[in-house]
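**Student:** 3D model of this:
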Amino acid sequence: MVEKIGGATWHGNLTEGHGRFKLDSPPDEVKNAFKLQYDEQLGTNPEAMLGAAQSGCYSLVLSMLLSKAGHDVQQVDTRAVITVGDGPDGYGIQGIKLITNAKLQGITEEDFIKYALDAKDICLVTKALSAVDIQLEAHLNQE
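**Tutor:** Numbering: from 1, shown residues only. Take a look at the predicted model:
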């Protein structure tokens with residue numbers, strides 16, 4: 001079994017405080033602050049980190065599935081749009097939309113979509129977020 005470590009430290013109150021995400025590999029820390037959700041400062045927030053984790057996991061799984069099927073994958077680029085707001089259970093993550101763009105040759109759009117959907121079901125981070133509605137928008141680039 002493999003363990004990956006992620007942590008966080010917070011100093012002060014919500015709106016004026018600041019913190020750091022701690023990762024198990026460089027960069028060891030990333031700036032975190034409530035204000036980062038609303039302005040252009042360098043740093044991130046928990047929702048963006050969650051989106052990056054899901055995007056990274058999904059891209060790896062999709063690449064793996066396509067490669068195992070004999071396709072020469074040139075690139076998989078995925079973004080996760082995390083929607084936060086009020087919902088039936090209160091304020092929280094209301095949905096996630098994965099938007100992926102894959103560059104590879106020799107596959108039909110129909111087969112690509114099948115692999116893209118399978119990757120969504122296999123991704124460990126997606127499984128962990130199963131309480132949230134997760135949509136997928138997949139694009140194939142064969143240029």
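**Student:** okay, domains of the protein per the record?
**Tutor:** According to automatic domain parsing, the chain is divided into the following domains: 6-37, 46-141.
**Student:** deepest-packed of those domains, please.
**Tutor:** domain 46-141 (a mean of 16; mean count of other CB atoms under 10 Å). For the C-beta atoms, the positions are set from N, CA and C on the backbone; glycine is no exception.
**Student:** tell me the secondary structure at the residue nearest to residue 61 when sequence neighbours are not counted.
**Tutor:** Nearest residue to residue 61, sequence neighbours excluded (CB to CB, 6 or more residues apart in numbering): residue 119, at 4.3 Å. Assigned with DSSP: H, G, I helix; E, B strand; the rest coil, residue 119 falls in the helix class.
**Student:** residue 119 reaches residue 55, doesn't it?
**Tutor:** No - if you go by CB atoms under 8 Å, residue 119 and residue 55 don't touch, sitting 11.6 Å apart.
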